[in-house]
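Colleague: turn this into a model:
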Amino acid sequence: MNLSTSPALGRRFAFAPARLSFALSLAFASCPAPAQSTDAPASSEAPPSAQALRRVEVSGRATAPARQPGDRNELSLKPAALPAAVQHLGEEDITATNIGRDISNVFRRVPGVLAHNIDQGETGNGFRMRGFATQGTHGADTAILVDGVPQNIPSSQGGAGHGPAFLEWLSGDMIGGIDVVKGPISALFGDQNRAGAVDIRTRDAGAATPSSLGVTIERHGLRRASLVLSSTLGGGADSALAAIDSLLIADVYRNDGYRRDSRTDRDTLFWKLGTRVGDARYSLRLTRYVARFDAAGYLLLPDLERGLDPRSTQAGNPGFGNARRTMLVLNRAPADGDIGWHATAYAERFDRTRGLMTSATQHTVGVDHRNIFGGRALRHLRLGEDATLLLGAEARADRGDAFRRIEVRRAATGNYVNAHDLDLLTYGVFAQAQWRVLRDLKLSAGARHDRFDYDIANLKLPAASTGYRKGVTTPKLGASWSVTPSLELFANIAQGMRSPAAEQISSSGAPGPLGAPGGIVSAVAPSKVRSYDAGFTAAPLTGWTVSGTAYLIQNDDEITGQLDGSFKSVGDTSRKGFELDARWQLAPSTSVYASAARIVEASINNPAPNTGAKLPVPARQFKAGVQHRLALGPGRLTLNADAYYLGGIPYYAGTPQTQERTMPAYTRYDLRASYDWASMQATLYAVFQPRRFASEIAYGSAAGLMLSPVPRSTVGASLKVFF
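Modeller: Sure thing, here's the model as predicted:
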């Protein structure tokens, strides 16, 4: 396959639903959305003149209760029923958060989680927790799913490395709920489930999601407009057809960026249909996402301290890129409860390019042209009154090209870093059982077996082309005990795994032309971790909920590079730490939260010569916030204030890169005020990052700390009209 000319960069895929996306969206847009009912009982905290606001309240703004002791004793597929630390984010949490430029901000309040985009365009969403940092700035080592569809892209070159998660296509209007599962305890999640998993569900149409038109402006050039059309078609008393809920969201995003030569243009179309047939609920989602971006790169901390303009561009040579995704997702679930059949099927065209600046004249340009198909089916069975059994299977096929080529002055050269033609098939089976041995004691057990059936054509070093056929089994075991109505204990032992990257199986050597001689094939196995958790949830006083977790994670088969260019499963890492979280409902209109996370150890136990042993993860995280609502004039005012501290991240500098240093501590303060009146919602918000030259977006290099400077203050405003 010739990669030197653009028509041959990828395969000719049969799946091309972009035209279908456009036609369906036009067809729906021509259907009028019926008016939403505003009838609702009177609120005790707002005057009668403000009762039209109940439409906004119905849309999911009711405060989600904090996790209570006894939740883990339920027999359910809900993540909250796992014997693990699980954080739920509802629509209330999402709408009360300053999302701004980065959808990762929805995780700001989750204890022990560092989530962010790296501020270099559409390059993925980092999700670091529990001491995992391998490709941590791009989302790997945490399995992330949306509507049951994996978002981690294996062996990506247009993003960054193996398993990055790309969530930029999501907006707050699209998300109905999120569960963050700490640790690999759930058998529903496979590849990349080492630190844990993130389960995201999109919204449904209907009374819970009113139609709206919203606009947002923010300092430093952010403009955004979002249209939500929610309606129910058919299903009347005289209709023989079932009602079909339709939710169409069009999101237009323009961001000039804080840094010069930094900008992102993004357009997303989201359309979801849902209906009930018999005892099942079906939904069909079509999403089209297109983005273009330029990136200002990273700057050296010593240069900034000597007076370099923090808004300048690295080497005066900005990075660049674009992305296109078309996704079709079909879901089935029981209409009532979660006993019965669940199924997901999906197809996606995934195209992404990223040009990373490597000098004043040169870029390394990574490209992905991929077609992805997959599905999952599971049956949840009830066994008597005190036990359930889950049985399932899933498969994912990923075919296409992934390569990195060197460009000089934006002109392609014949030198490639790597170039693979990929045919990746992953499939597996899983089971999970729950049994209430006693009224207040529940055991959970599960296991997965995943197989990787790969064919990798190495276009750069053809001698390294190879097949790969390996499997991995990961068992899970846990228990929860409701000691008293106000105290619950839990513990688990589980294994999680991560597949090897194509580059770790079929190495590409030094940059060079396609078809060169040489090449090494490495017989690496999927990397497994062993995770041990113990924790509690307590309600010591009325309105209080306190929870805590301690964990230990060990791995002795991390895949590591060798001096000869091969890879072996010989890395040995350890991670241990604890998290504490407290929630206090002071009054029906006021709530407070605070959390602390401490990573006691995150280290490589057998580091390679002339490398450091500590992983670049935060030793300390503190998060706290308050929300208060009050009636004000004819409407209601909601106030939010959040504080965030991140410290103790080690990095290494020098040649060799062994001089241990600590990144500057990072603090962030968010303020937000939303006023709901009649069918409108107006919001003012501000973000303060006051520490000079501190950023979540940084990494160590031989010359010192490289970082992406952030503005010390940002203000924004939005207006949303419901109809």
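Colleague: could you use CA atoms for every contact and neighbour count after this?
Modeller: Fine.
Colleague: residue ranges of the strands in the stretch 301-450 of the chain, please?
Modeller: Taking DSSP state E, counting those that start in this stretch, the strands of the stretch 301-450 of the chain run over residues 319-334, 340-357, 362-382, 387-408, 411-438, 441-458.
Colleague: wait, which of those strands is closest to residue 642?
Modeller: Between residue 642 and the strands of the stretch 301-450 of the chain, the shortest gap by C-alpha to C-alpha is with strand 319-334, which sits at 32.7 Å.
Colleague: list the pairing partners of that closest one within its sheet, with orientation.
Modeller: strand 280-295 (antiparallel), strand 340-357 (antiparallel) (DSSP bridges).
Colleague: just to revisit the earlier point, make JSON lines from the strands of the stretch 301-450 of the chain and add distance to residue 634 and mean pLDDT to it.
Modeller: As requested, those are exported to JSON lines (distance: least, C-alpha to C-alpha, whole Å; pLDDT from 0 to 100):
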{"stretch": "strand 319-334", "distance to residue 634": "42", "mean pLDDT": "98"}
{"stretch": "strand 340-357", "distance to residue 634": "45", "mean pLDDT": "97"}
{"stretch": "strand 362-382", "distance to residue 634": "48", "mean pLDDT": "98"}
{"stretch": "strand 387-408", "distance to residue 634": "50", "mean pLDDT": "98"}
{"stretch": "strand 411-438", "distance to residue 634": "50", "mean pLDDT": "97"}
{"stretch": "strand 441-458", "distance to residue 634": "49", "mean pLDDT": "98"}
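Colleague: now tabulate the strands paired with strand 319-334 in CSV and tack on mean neighbour count and distance to residue 629.
Modeller: CSV is the format used below for the strands paired with strand 319-334 (neighbours: other C-alpha atoms under 10 Å; distance: least, C-alpha to C-alpha, whole Å):
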stretch, mean neighbour count, distance to residue 629
strand 280-295, 21, 35
strand 340-357, 22, 39
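Colleague: distance to residue 558 for those - can I get that in a markdown table?
Modeller: Below are these laid out as a markdown table (distance: least, C-alpha to C-alpha, whole Å):
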| stretch | distance to residue 558 |
| --- | --- |
| strand 280-295 | 32 |
| strand 340-357 | 27 |
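Colleague: residue 392 is nearest to which of those?
Modeller: Taking these one by one with C-alpha to C-alpha, strand 340-357 is closest: 9.1 Å.
Colleague: export the closest one to PDB, keeping only CA atoms.
Modeller: Extracted in PDB, the C-alpha atoms of strand 340-357 (Å, rounded to 0.1, in the frame of the first residue of the first chain):
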ATOM      1  CA  GLY A 340     -33.300  -9.400  30.800                       C
ATOM      2  CA  TRP A 341     -31.400  -8.900  27.500                       C
ATOM      3  CA  HIS A 342     -29.100  -5.900  26.900                       C
ATOM      4  CA  ALA A 343     -27.400  -5.400  23.500                       C
ATOM      5  CA  THR A 344     -25.300  -2.800  21.700                       C
ATOM      6  CA  ALA A 345     -24.200  -2.700  18.100                       C
ATOM      7  CA  TYR A 346     -22.100   0.000  16.600                       C
ATOM      8  CA  ALA A 347     -20.200   1.100  13.500                       C
ATOM      9  CA  GLU A 348     -17.800   4.100  13.100                       C
ATOM     10  CA  ARG A 349     -15.700   5.800  10.500                       C
ATOM     11  CA  PHE A 350     -12.700   7.300  12.400                       C
ATOM     12  CA  ASP A 351     -10.300   9.700  10.700                       C
ATOM     13  CA  ARG A 352      -7.800  11.900  12.500                       C
ATOM     14  CA  THR A 353      -4.600  13.800  11.700                       C
ATOM     15  CA  ARG A 354      -2.300  15.500  14.100                       C
ATOM     16  CA  GLY A 355       0.900  17.400  13.200                       C
ATOM     17  CA  LEU A 356       3.200  17.700  16.300                       C
ATOM     18  CA  MET A 357       5.900  20.400  16.200                       C
END
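Colleague: and the angle for that strand with strand 387-408?
Modeller: Angle, strand 340-357 to strand 387-408, by axes from the mean of the first three to the mean of the last three C-alpha atoms, to 10 degrees: 20 degrees.
Colleague: distance from the chain centre to strand 340-357, please.
Modeller: Distance of strand 340-357 from the chain centroid (C-alpha atoms, centre = their mean, to the nearest Å) equals 13 Å.
Colleague: tell me what angle that strand forms with strand 362-382.
Modeller: Using the same axes, to 10 degrees, strand 340-357 lies at 170 degrees relative to strand 362-382.
Colleague: element containing residue 524, please.
Modeller: Following DSSP states H and E, there is no helix or strand that holds residue 524.
Colleague: next: the one 10 residues further on.
Modeller: With elements delineated by DSSP H and E, residue 534 resides in strand 527-538, which encompasses its position.
Colleague: counting by contacts, list what that strand packs against.
Modeller: strand 487-498, strand 544-561 (3 or more C-alpha pairs under 8 Å, 6 or more residues apart in numbering; DSSP states H and E).
Colleague: contacting residues around the longest one?
Modeller: By C-alpha atoms under 8 Å, 6 or more residues apart in numbering, the surrounding residues in contact with strand 544-561 are 66-68, 85, 500, 504, 524, 527-540, 567-585.
Colleague: can I get it in CSV? Just the C-alpha atoms.
Modeller: Coordinates of each C-alpha in strand 544-561 appear next as CSV, following Å, rounded to 0.1, in the frame of the first residue of the first chain:
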residue,chain,number,x,y,z
TRP,A,544,-23.8,13.8,56.1
THR,A,545,-22.3,11.1,53.9
VAL,A,546,-18.6,10.1,54.3
SER,A,547,-16.7,7.5,52.3
GLY,A,548,-13.2,6.4,52.0
THR,A,549,-11.1,3.8,50.0
ALA,A,550,-7.6,2.5,50.3
TYR,A,551,-6.0,0.6,47.4
LEU,A,552,-2.9,-1.3,46.3
ILE,A,553,-2.2,-2.1,42.7
GLN,A,554,0.7,-4.3,41.5
ASN,A,555,1.9,-5.3,38.1
ASP,A,556,5.0,-7.3,37.1
ASP,A,557,4.4,-7.6,33.4
GLU,A,558,4.3,-4.0,32.1
ILE,A,559,5.4,-3.9,28.5
THR,A,560,8.7,-2.0,28.3
GLY,A,561,11.1,-1.2,25.4
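Colleague: contacts only, for the most centrally placed residue in the chain.
Modeller: In the chain, the C-alpha nearest the mean C-alpha coordinate belongs to residue 144, at 5.3 Å (C-alpha atoms, centre = their mean). The neighbours of residue 144, taking C-alpha under 8 Å, 6+ apart as the test, are 150, 151, 152, 165, 197, 198, 199, 200.
Colleague: ditto for residue 328
Modeller: 284, 285, 286, 287, 346, 347, 348.
Colleague: which among the contacts of strand 544-561 count as buried?
Modeller: Among the contacts of strand 544-561, those buried by neighbour count (16 or more other C-alpha atoms under 10 Å) are 66-68, 85, 500, 504, 524, 527-539, 567-585.
Colleague: wouldn't residue 324 be in contact with residue 351 here?
Modeller: Yes - with contact defined as C-alpha atoms under 8 Å, residue 324 reaches residue 351; the gap is 5.2 Å.
Colleague: got the phi and psi for residue 94?
Modeller: Torsion angles at residue 94 (phi, psi; degrees, to the nearest 10) stand at phi -70, psi -50.
Colleague: just how off-centre is stretch 374-389 within its chain?
Modeller: That offset, for stretch 374-389, works out to 26 Å (C-alpha atoms, centre = their mean).
Colleague: ok, and what's touching that stretch?
Modeller: By C-alpha under 8 Å, 6+ apart, stretch 374-389 touches 75, 148-149, 338-347, 390-397, 431-437.
Colleague: residues in contact with the spatially closest residue to residue 172 that is not a sequence neighbour?
Modeller: Leaving aside its chain neighbours, residue 172 sits nearest to residue 94 (6.4 Å; criterion: C-alpha to C-alpha, 6 or more residues apart in numbering). For residue 94, the contact set (C-alpha under 8 Å, 6+ apart) comprises 106, 172, 175.
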